[in-house]
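S.K.: Take a look and give me a structure for this.
(chains A and B)
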Amino acid sequence: MSARDLNLRVWRGDGSGGDFVNYTVPVEEGEVVLDAIHRLQATQASDLAVRWNCKAGKCGSCSAEINGKPGLMCMTRLSSFEPGETITVTPMRTFPVVRDLVTDVTFNFEKARQVPAFAPPSDNKGGKFRMAQVDVERSQEFRKCIECFLCQNTCHVIRDHEENKPAFAGPRFFIRHAELDMHPLDTVDRQPMVQEDHGLGFCNITKCCTDVCPEHIKITDNAIIPMKERVVDRKYDPLVFLGSKIGLFKSTTRQQVGPAGGLGPSPIKHPAPPTPVAVPEPVKRAAAAKRTAAKQAAPAKKTTAAKKATPVRKAAAKKTAAKAASATRRRSTR
Amino acid sequence: MATQTVATQTDRPTARAAIKARHLRTDRWWVDPLITFIVFSAFVIYGTWAAFDHATVYGNGAPHQWFYSKPYLSPFYSPCFADGCPSDVNWGAVDIWHWLSPALYILIIPLGFRATCYYYRRAYYRAYWFSPPACAVAEPHTKYTGETRFPLLAQNLHRYFWYGSLIVGGVLAYDSVTAFIYTDHGYHFFIGIGSFVLLINTILIWGYLLGCHSCRHITAGRINNFSKHPLRYRWWTLVSKLNHWHRHWAWASLIWIALADLYIRLVSNGTITDVHHIF
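M.R.: This next block holds a predicted model:
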């Protein structure tokens, strides 16, 4: 096994600013970018923030951009670069940066909440669903998604246009819509929602989402384009429209959902406030006692106390938000 | 005990990493859009010239057109149904358009099909509109609405161009059969290089047509119960296999149709001699 020195250029900083820092890290044959980042963290930059978990390309945590290309650090071999080449590692550009290589991917969890869950028919007693293997296979491809959000990161609709975020769900959620829309037992009509509320029309088929998917899901060919074609059936094809009127094609019997279905306020125009995190009772009592103590203090001291509490509160809030995000990720990947 | 509180919107970071460079890619990402730009532009320039070059030429015997060399008819001019079409391949003269090149109204359908094709959209959005030029390379536009508004909303007409192209594809298949038949003093089996040029053209066109995403949707993509429609599912499976190579079919058929037209013109004006045998 041969060791060599690797030139690494890592973006260091947070939301207030940052810059590239050059490092030279010893690496060995067979290693991946994440190994080099870990060695850098262990030997030279102990405060380097990096998110990782499985090191096997299955958790989707170590998403970053390596030499400008979105990818998983744990699945990018150092041998794929020229010897002596400087490797640049940056955080995902589409999402707000927390620190160094760690980004806040809350946007994706907010979008995930807007996609209605699978709704089986109510008359199917006891949950005894029967599906043929050919019907199962189609959706199973989309279940491979590990929610690394590389597709969301590389999609130029939101990468280059932050203003499109409220109206665009992104490739990850188009495959979720497709998975459920193609499900023979689902009872929700998702086609108007995916077009009107989640911005399917923004996609111009540049296939970058497919190119970067570490699970090799054919996002564009098997999810986005079929969904676009289904929307064309409903919205832009007069033959299908006339055919459904004379009974040649069956109109959908699925349940309308979302603003596009004429139900409820638009999550785009009227975004819901963030869901409060449940706080345990002892913590509530402690917080109430703290508030009482703060009220009893002098106005000048009150400001000082609030200032002192701010970092602690922020740290706790981040911890709680991270826990909630982790729980959502676990639920959605199951 | 660690203090916990309610997570609020304001606790989240809002700013992206401040990286000024438009991209940090070190590979040759520009090669793909550049090749697309060159080939597509060359095709458009050649196709425009070929579509207008329809005048009847006098000299060297009977009057003839450069797009026809018996028994080969250029695919740009097929089906030929205008006044100026050679009598051997005329599907019916349309008098009111006699001043117009037949290629202009024939090409609308296949060009419309290619222009709205899901693969070509990817290619020309990248090569011509830089939206984006390549993955993770920032586009130059300040605003983006995608295919939500006119004129790009018309991309949804793709399936209608597909229906029309099926008819044109059928005519091209007929042409490739007639390219093996010589009709002077009866019917004779004819075999020449041009016959194979047109046959390959037809195969490539049909490979491209049948692998289309709209075709895939129409066969069985629109249904949710494959198990209840085994024949449609089987068809869908075959179309899906072709669809996997759709990009390659698109490129091959585009280049070959221009080469087929060029070959027939070169034979027609005597620049090259078609090697053939009449049985």
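S.K.: May I have the host helix or strand of A:Arg172 as CSV, with CA atoms only?
M.R.: Assigned by DSSP states H and E, A:Arg172 falls within helix A:171-181. Backbone C-alpha positions of helix A:171-181 (Å, rounded to 0.1, in the frame of the first residue of the first chain) are rendered in CSV as follows:
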residue,chain,number,x,y,z
PRO,A,171,-36.5,16.2,-8.3
ARG,A,172,-36.5,14.3,-5.1
PHE,A,173,-40.2,15.1,-4.6
PHE,A,174,-41.1,14.6,-8.2
ILE,A,175,-40.0,10.9,-7.8
ARG,A,176,-42.1,10.8,-4.6
HIS,A,177,-45.1,12.1,-6.5
ALA,A,178,-44.4,9.6,-9.3
GLU,A,179,-44.0,6.7,-6.9
LEU,A,180,-47.4,7.4,-5.4
ASP,A,181,-49.2,8.4,-8.6
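S.K.: Given whatever helix or strand comes next after it, what are its sheet partners and their directions?
M.R.: Where DSSP H and E defines the elements, the next helix or strand beyond helix A:171-181 is strand A:188-189. With DSSP bridges as the test, strand A:188-189 is paired with strand A:255-256 (parallel).
S.K.: Helix, strand or coil: sort out the nearest residue to B:Phe180 once chain neighbours are set aside for me.
M.R.: Counting by CB to CB, 6 or more residues apart in numbering or on different chains, the nearest residue to B:Phe180 once its immediate chain neighbours are dropped is B:Ser195, at 5.1 Å. (Glycine included, C-beta is placed from N, CA and C.) Per DSSP: H, G, I helix; E, B strand; the rest coil, the secondary structure class of B:Ser195 is helix.
S.K.: B:Ser195 and chain A: what is the separation?
M.R.: Separation of B:Ser195 from chain A (CB to the nearest CB, to the nearest Å): 35 Å.
S.K.: Give me the pLDDT value at the residue positioned nearest the centre of chain A.
M.R.: Nearest to the mean C-alpha position of chain A, counting by CA atoms, centre = their mean, stands A:Asn108 at 3.7 Å. Per-residue confidence (pLDDT) for A:Asn108: 96.
S.K.: check contacts around it.
M.R.: For A:Asn108, the contact set (CB atoms under 8 Å, 6 or more residues apart in numbering or on different chains) comprises A:Glu147, A:Phe149, A:Gln152, A:Gly170, A:Arg172, A:Phe173.
S.K.: One more pass at 6 Å, please.
M.R.: Neighbouring residues of A:Asn108 by CB atoms under 6 Å, 6 or more residues apart in numbering or on different chains: A:Phe149, A:Gln152.
S.K.: Then A:Asn153?
M.R.: A:Pro70, A:Met92, A:Thr94.
S.K.: neighbours of the first one, just the number please.
M.R.: Here the count is done by other CB atoms under 10 Å in any protein chain shown, and A:Pro70 has 29 residues near it.
S.K.: A strand includes it, no?
M.R.: Yes: counting by three-state DSSP, A:Pro70 falls inside a strand.
S.K.: Help me confirm that A:Ile146 comes into contact with A:Cys62.
M.R.: No: counting by CB atoms under 6 Å, A:Cys62 is not a contact partner of A:Ile146; they are 11.0 Å apart.
S.K.: who has more neighbours, the two?
M.R.: Shown here are A:Ile146 and A:Cys62; by other CB under 10 Å, A:Cys62 has more neighbours (25 against 20).
S.K.: quick revisit: could you give me the buried positions within the helix holding A:Arg172?
M.R.: For helix A:171-181, burial by neighbour count (16 or more other CB atoms under 10 Å in any protein chain shown) applies to A:Pro171, A:Arg172, A:Phe173, A:Phe174, A:Ile175, A:Arg176, A:His177, A:Ala178, A:Glu179, A:Leu180, A:Asp181.
S.K.: for the record, mean pLDDT for that helix?
M.R.: 96.
S.K.: Stretch A:247-263 too?
M.R.: 69.
S.K.: If you tally nearby residues, what's the number for A:Asp123?
M.R.: Applying other CB under 10 Å, we find 5 residues neighbouring A:Asp123.
S.K.: Shouldn't it be within a helix?
M.R.: No: using three-state DSSP, the assignment for A:Asp123 is coil, not a helix.
S.K.: Can you check the pLDDT for it?
M.R.: 76.
S.K.: Can you pull the poorly scored residue ranges out of chain B?
M.R.: Applying pLDDT under 70 to chain B flags the ranges B:1-10, B:55-63, B:82-84, B:89-100.
S.K.: Please enumerate the helices of the stretch 151-300 of chain A.
M.R.: A:156-159, A:171-181, A:191-192, A:208-212, A:225-235, A:238-245, A:281-296, A:299-333 (DSSP state H, counting those that start in this stretch).
S.K.: How much space separates B:Cys80 from chain A?
M.R.: 29 Å.
S.K.: Likewise for B:Trp256?
M.R.: Taking CB to the nearest CB, one finds B:Trp256 at 24 Å from chain A.
S.K.: cool, and B:Leu242?
M.R.: 12 Å.
S.K.: So that residue is in contact with B:Leu210, correct?
M.R.: Yes: between B:Leu242 and B:Leu210 there is a contact under CB under 6 Å: 5.4 Å.
S.K.: residues shared between the contacts of those two?
M.R.: Joint contacts of B:Leu242 and B:Leu210 (CB under 6 Å, 6+ apart) do not exist.
S.K.: For the residue nearest to B:Phe180, the count of nearby residues, please.
M.R.: 20.
S.K.: Helices of the stretch 51-200 of chain B, start to end?
M.R.: So, for the stretch 51-200 of chain B - with DSSP H, counting those that start in this stretch - the helices run B:102-106, B:108-116, B:118-127, B:158-178, B:193-210.
S.K.: count of residues packed around the nearest residue to B:Thr178 once chain neighbours are set aside?
M.R.: Sequence neighbours aside, B:Pro71 is the residue nearest to B:Thr178 in space, at 5.8 Å (criterion: CB to CB, 6+ apart). Neighbour count of B:Pro71, defined by other CB under 10 Å: 23.
S.K.: Check B:Ser240 too.
M.R.: 17.
S.K.: same question, B:Asp274
M.R.: By other CB under 10 Å, neighbour count at B:Asp274 equals 16.
S.K.: Ok, B:Leu73 next?
M.R.: 28.
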